[in-house]
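> I need the structure of the sequence given here:
(one chain, ligands or ions: 1)
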Amino acid sequence: MKKDCGQQWWKDARYGMFIHWGLYSHLAGSWKGREVSGIGEWIMKRLEIPVAEYESIAADFNPTAFDAEEYVGLAVDAGMKYLVITAKHHDGFAMYHSKCSPYNIVDATPFGRDPIAELAAACRKAGIKLCFYYSQAQDWHHPGGYGYGPVPDEEKDFRRYLDEKCLPQLKELLTQYGDIGLIWFDTPQIMSEAHSREVRDHVKSIQPDCIVSGRIGNQLGEYMSTGDNRIPLLPYDGDWEVPATLNDTWGFKENDHNWKSPESVLRLLLKINGRGGNYLLNVGPDPTGKIPASSADILREVGAFVKANGDAVYQTSVVWDYPYELESMFLTRRDYHLYLNFLDAPQNKLNFVLLNSTIKKATLLATGEELVFAQSYTPASRQHRVIVELPETLPFAVCNTVDLELEDRIPVFGTLDVL
Ligand code: JFZ
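Residues are numbered from 1 along each chain as shown. As a prediction, this is how the structure comes out:
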């Protein structure tokens, strides 16, 4: 069945911020001199830290540099429209004030503040949609949760976990912080269809407009989530999102400096948008509660482009019948407009084939400057060609956008096989 999340704000948003933040952030990727390989938020499981020892991290967790306005301000500067924060990851620790489990940031740490309440206020002020990640199946702290070490999964009383923790915590999250855009469920593992349905219905009974993400399990999510940085190879007819890291971990690791360049982030964003998807890009706050400067710098640089060229990003629809991929130009579209997002332009020209629609006008999107263009047709090869002349200096170093206003509401493309 075609996935349709039913929420226009999400379809229009196209770009969001993922935040992985929890007790694991305090460890920054190592514990007792051992470094975790791979993703940092899995440190408890990967290094087999006993529950009681992992719990004791809470006593030292004091991320006083956390500033909700700064997080939300960064999302705004980045051009992102929604924010998904880990309310509870697999480690079972609640990053908000939970009344049904004392294992939470307010009751178990010297920090004592509820960052989710602070973020909710900042998001409301800035017009950013607040959303939660919630690990509904894995809980390494509750005896009934999948992955809880001391009890084999086959012997888990998952019902007890659902009743004591998962369902009541979801209720808290959906009643304590105003309207929630979506809940990003994850790793359903062996959850039965009845359990996935129960969790989904529970969310909908409290906030009917809250979207239930792809990984609720048993095909019951309202949109499709891909793997980390993975773009579907074939067109996907429905709502989908790519969750993606900026380096090689979701939770902060002090030794992971493998940052993607602003250029590769932009390439991903535009490629995803052109194929009709949303891009959910992750940041991992450090032990002090700050988003690393290297992440913030990348997001701001990409954000400058996105803000000046928002028409080519937000509210865009899929352009999927363009017959091949261009190496350094990404097409996006929106009502009568085809956007040519290009990373480089030899001889100050864009020169490409197979757009059959008639162009009414060409402008440089960021400045509104009108551009000279020519369209030609070669009958022998049945090939349409477009040449757009660009100004000598362009506003952005990495990527710029030409806005083609077309006669057709949906662009018509030729096919390669006539060449
Ligand atoms: C999961 C989590 O285990 C991980 O810690 C992080 O939160 C990430 C966003 O989600 O990891 C997954 C789950 C599914 C896939 C990839 C990573 N997948 O389907 O490709």
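> what mean pLDDT does stretch 54-72 have?
In this model, stretch 54-72 has an average pLDDT of 98.
> contacts for it?
Outside of stretch 54-72, the residues within contact range by C-beta atoms under 8 Å, 6 or more residues apart in numbering are 17, 19, 23, 25-27, 44, 83, 91, 93, 103, 105, 108-111, 113, 115, 118-119, 121-123, 125-126, 128, 140-141, 285, 287-291. Glycine gets a C-beta too; all of them are placed from N, C-alpha and C.
> Can you select the buried ones from these in PyMOL?
This is the PyMOL syntax for the buried subset of the contacts of stretch 54-72, where burial follows 16 or more other C-beta atoms under 10 Å:
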select buried, resi 17+19+23+25+26+27+44+83+91+93+103+105+108+109+111+113+115+118+119+121+122+123+128+140+141+285+287+289+290+291
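> how far does stretch 296-309 sit from the chain's center?
Counting by C-alpha atoms, centre = their mean, to the nearest Å, stretch 296-309 is centred 15 Å from the centre of its parent chain.
> Show me what it is in contact with.
So stretch 296-309 is contacted by 15, 17, 74, 77-80, 246, 259-262, 265-266, 269, 281, 283, 313, 339, 341, 365-366, 395-396, 398-401 (C-beta under 8 Å, 6+ apart).
> list the contacts for Val203?
Contacts of Val203 (C-beta under 8 Å, 6+ apart): Leu170, Leu174, Ile183, Cys210, Val212.
> Would you mind checking those for buried ones?
For the contacts of Val203, a burial check counting by 16+ other C-beta under 10 Å picks out Leu170, Leu174, Ile183, Cys210, Val212.
> for Phe185, phi and psi?
phi -80, psi 170 (degrees, to the nearest 10).
> Oh, that last question was meant for Pro395, not what I typed.
Dihedral pair for Pro395: phi -60, psi -30, per degrees, to the nearest 10.
> That one and Thr367 touch, don't they?
Yes. Contact criterion C-beta atoms under 8 Å: Pro395 and Thr367 qualify, at 6.2 Å.
> Between the two, point out the one with more neighbours.
Pro395 (16 against 12; other C-beta atoms under 10 Å).
> quick one, what contacts the closest residue to Asp157 other than its chain neighbours?
Once flanking residues are discounted, Asp157 sits nearest to Gly144: 4.5 Å by C-beta to C-beta, 6 or more residues apart in numbering. Residues in contact with Gly144 (C-beta under 8 Å, 6+ apart) are Lys156, Asp157, Phe158, Arg159, Arg160, Tyr161, Leu162, Glu164, Lys165.
> same thing but 7 Å
Lys156, Asp157, Phe158, Arg160, Tyr161 (C-beta atoms under 7 Å, 6 or more residues apart in numbering).
> measure it to the ligand for me?
Gly144 sits 19 Å away from the ligand, going by C-beta to the nearest ligand atom, to the nearest Å.
> now do Gly251
Distance from Gly251 to the ligand, by C-beta to the nearest ligand atom: 7 Å.
> tell me the pLDDT at that residue?
At Gly251, the model reports a pLDDT of 98.
> Provide a list of residues in contact with it.
Per C-beta under 7 Å, 6+ apart, neighbours of Gly251: His20, Gly22, Tyr24, Ser25, Ile39, Gly40, Glu41, Gly284.
> Touching, the fourth one and Gly289? I think so.
No. Contact criterion C-beta atoms under 7 Å: Ser25 and Gly289 do not qualify, at 8.2 Å.
> possible to save the buried ones among the contacts of Val203 as TSV with secondary structure and pLDDT?
Output for these, formatted as TSV (DSSP: H, G, I helix; E, B strand; the rest coil; pLDDT from 0 to 100):
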residue	secondary structure	pLDDT
Leu170	helix	98
Leu174	helix	98
Ile183	strand	98
Cys210	coil	98
Val212	strand	97
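> For Trp31, grab phi and psi.
Dihedral angles for Trp31 - degrees, to the nearest 10 - are phi -140, psi 130.
> Sorry, wrong one. I was asking about Leu390.
According to degrees, to the nearest 10, Leu390 has phi -110, psi 150.
> and Asp60, how many neighbours does it have?
As a burial measure, Asp60 scores 12 neighbours (other C-beta under 10 Å).
> overlap between the contacts of Gly251 and the residues near the ligand?
Restricting these to those near the ligand by C-beta under 6 Å from any ligand atom leaves Ile39, Glu41.
> what does the stretch 201-350 of the chain put close to the ligand?
So the stretch 201-350 of the chain meets the ligand at Gly227, Asp228, Pro243, Trp250 (C-beta under 6 Å from any ligand atom).
> out of those residues, which is most surrounded?
Trp250 (27 neighbours).
> out of everything not next to it in sequence, what's closest to that one?
Per C-beta to C-beta, 6+ apart, closest to Trp250 is His20, 3.9 Å.
> Could you do Val151 as well?
Using C-beta to C-beta, 6+ apart, the nearest residue to Val151 is Pro143, at 5.6 Å.
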